[in-house]
Structures are given as C-alpha cells and as structure tokens.
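A.B. asks: Okay, sequence plus prediction incoming.
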Amino acid sequence: MSQPTRSATVELRIQAHPVWPLRLPQRSGMDGLTPIRQGVLHRLLHERLDGEEHAVHVRVVQLTGGDVLIGARSAYREAGERAIRRVRRALGVDLDLREFHAAYRDDPLIGAAVRNNPTLRPAGRPDPFEALAWAVTEQLIEYVRAAAIQRRMVAALGRHDPITRLRNSPSAGVLAGTAPARLEAFDLSASRSLALVRVARMVAACRVDLDDPDPGVQEDGWRRLRTIPGIGSWTTEILALIGQGRLDQIPAGDLGLIKLVGRVLSGGDPLARADEQQVRELFARFGRWQGLAASYALRMGGIPVDALAA
C-alpha cells in the first residue's frame, strides 16, 4: 500500500450543486460538534490512513443560488477527500428526491409537510460509529438529557483541535477501552454504559464494518450488533438512517412515531399509543422511502383524520 502524501497543510475546496433543493442546518447541533459561525458550518473529523488518525477541519457554506461550498483542511490530501465525501453524504447533497416528491406530495398523511418543506432530509452524521454511539445514549430518555451526556463524553473522551477549538466525538477505540463506570459518571445508565462499551469493542475489533456501502454488509452488521444486550432494532435503525444514509429504514420504536401512529389509528386520540409493528405497517407503503417519510411525519403540525385513506 502506498504511503499517504503529507504536506504542511492541504486545503481542498469543492463547489457542489445539490441534485435536489437543499437547505443547510441553521442551528448548531446540541452535542456541540457542528458549530455554525457567521453562516459557516464547521466540523472536525478524523480519517484513518495506514492505521493512524488524521484530523480534518471541514467547513460548509451555502452560496446564493443553492450551491454548497465545502472546504477541508488537513495534512493529508486523502484525509480531506474522505472527509468531504462523508460530509456530502451526511448533508444529502447528492440525494435525488424527485421520485419521492412526485409520489408523495399529495399523500394524505405527509403530503402537506412534503409540499411545505421540499428541502427536508434526515439529519445525517458523517461518522456511522458516532450515529451508533449517540443512538445508545438516546435510548428511552429525553433528547435534551441525552445531548448533555454526549457533551460530557466529548469533553472528557473526545478528540479536539487546539487551533480551531473544535471537538470530535470519541472513537470506537477510546470507548472500547473506557470503563462502563466512567460512562455512568456522565449520567448514562449502567446498562447503556455496558452496551456502549460492547458496541465500541465490536467496531474497534473490526467485527462489523460500519463504513461499507454494500447493503448486505450493512445488514449483516446490524444483525451482529443486535446480539449485544441492550442493542435492539431502534438503535440499528437510527444507525442505518442517520449514519449510513439508508432512507428505507424506519426507527419504528421512536416515541414520536408511536404517538403519531397511535393518534392516526385512534382517529385523533392524543393519548393513544401504537406498537412498533403498527408503525411499520402504516409506513410500509412508502417502500424504499420509509425513513424519509417518517422524518416528514414527525415534523407535521397536525394529523389528518383521513390519513388511513391511502
């Protein structure tokens, strides 16, 4: 294998024209990893080349007319190129959503939301392991509390750049060597702390490959992860949707979806709750777009009483 080419600093810039209308996030993420400064989204990523991690500072800004300018600064050109590809995927720059919008802009359940916000995409993450680890921290608790846990983990165990003052989430290798008791000190429950360490060990030992784009490899990885106590379908579906760009995967155990489908099936009862199977059945008709359809459903203001007419 050839050695990566190093220089003092490599600055890469690409201007991308989104395949479908895109609007960059307008607010910084609650975990503190994606600050937005004067309209520019910043992200610190780490790319592994020949067994070593190399930091990449990525910046993204949307230009007048809708194009996206992505810059990456690193000591290695290869690291910058990989980071740009990750960010493009996470932001959905190259997603062609014409078929989805043509098919569902008049859908009785999500049609109004689709028409009102044609730029919506699931909030992707550039690192699949980060999506998986954060999903574990978000199991069965409020997101605000989960985000506070994530910030503590980033501060204590994450990677940082002293020049930009940006931080990246902890790597699988770091979490694999972390005692569950230390994670509990960040307010993560004992069972989830142990599950997170076991997940990190499986990834760090390369028993699952979260970066492989092949659907078969991804699905085999989900099955392997679900052998870990505390890792169920919701966690791997969040990994798939948010971390691997699988719009055909719906996190059916999401409390918001369980409440939403309960209201739909009950004809509007705000206290009704569905089960995971009922969520899957309601969204099955969206086929390979189930994850995107669910994202729209969660952003609806009200539930049409005729939502089952489709």
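C.D. replies: Sure thing, it's come through.

A.B. asks: which residue ranges form the strands in the stretch 101-250 of the chain?
C.D. replies: 159-161, 166-168 (DSSP state E, counting those that start in this stretch).

A.B. asks: Turn those into TSV, columns for mean pLDDT, mean neighbour count and distance to K259.
C.D. replies: C-betas here are computed from N, CA, C, even on glycine. Putting the strands of the stretch 101-250 of the chain into TSV (pLDDT from 0 to 100; neighbours: other CB atoms under 10 Å; distance: least, CB to CB, whole Å) gives the following:
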stretch	mean pLDDT	mean neighbour count	distance to K259
strand 159-161	95	15	37
strand 166-168	97	20	34
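
A.B. asks: Serialize those to TSV and add fields for distance to N117.
C.D. replies: Formatted as TSV, the strands of the stretch 101-250 of the chain follow (distance: least, CB to CB, whole Å):
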stretch	distance to N117
strand 159-161	34
strand 166-168	29
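
A.B. asks: wait, which of these is closest to G111?
C.D. replies: G111 lies closest, by CB to CB, to one member of the strands of the stretch 101-250 of the chain: strand 166-168, at 38.9 Å.

A.B. asks: Quick check: which helices or strands does the closest one pack against?
C.D. replies: Using 3 or more CB pairs under 8 Å, 6 or more residues apart in numbering; DSSP states H and E, the elements in contact with strand 166-168 are strand 40-49, helix 143-157, strand 159-161.

A.B. asks: right, so those: which one is the most enclosed?
C.D. replies: Comparing the helices and strands packed on strand 166-168 by mean neighbour count (mean count of other CB atoms under 10 Å), strand 40-49 comes out on top with a mean of 20.

A.B. asks: Quick check: buried residues in stretch 92-103?
C.D. replies: Neighbour counts over stretch 92-103 (16 or more other CB atoms under 10 Å) mark G92, V93, L95, L97, F100 as buried.

A.B. asks: Low-confidence stretches in this protein?
C.D. replies: 1-7, 301-310 (pLDDT under 70).

A.B. asks: Walk me through the domains of it.
C.D. replies: As given by automatic domain parsing, the domain ranges for the chain are 6-96, 98-122+247-310, 128-241.

A.B. asks: quick one on the thing from earlier: quick one: closest of the helices and strands packed on strand 166-168 to G32.
C.D. replies: Nearest to G32 among the helices and strands packed on strand 166-168 is helix 143-157; the distance by CB to CB comes to 5.3 Å.

A.B. asks: Put the alpha carbons of the closest one into PDB.
C.D. replies: C-alpha atoms of helix 143-157 as PDB (Å, rounded to 0.1, in the frame of the first residue of the first chain):
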ATOM      1  CA  TYR A 143     -33.100  14.300  23.800                       C
ATOM      2  CA  VAL A 144     -32.000  17.300  25.900                       C
ATOM      3  CA  ARG A 145     -30.700  14.900  28.600                       C
ATOM      4  CA  ALA A 146     -29.000  12.700  26.000                       C
ATOM      5  CA  ALA A 147     -27.300  15.700  24.400                       C
ATOM      6  CA  ALA A 148     -26.000  16.700  27.800                       C
ATOM      7  CA  ILE A 149     -24.500  13.200  28.200                       C
ATOM      8  CA  GLN A 150     -23.000  13.500  24.700                       C
ATOM      9  CA  ARG A 151     -21.300  16.800  25.500                       C
ATOM     10  CA  ARG A 152     -19.800  15.400  28.700                       C
ATOM     11  CA  MET A 153     -18.500  12.400  26.700                       C
ATOM     12  CA  VAL A 154     -17.000  14.700  24.100                       C
ATOM     13  CA  ALA A 155     -15.300  16.900  26.700                       C
ATOM     14  CA  ALA A 156     -13.800  14.000  28.600                       C
ATOM     15  CA  LEU A 157     -13.100  11.400  25.900                       C
END
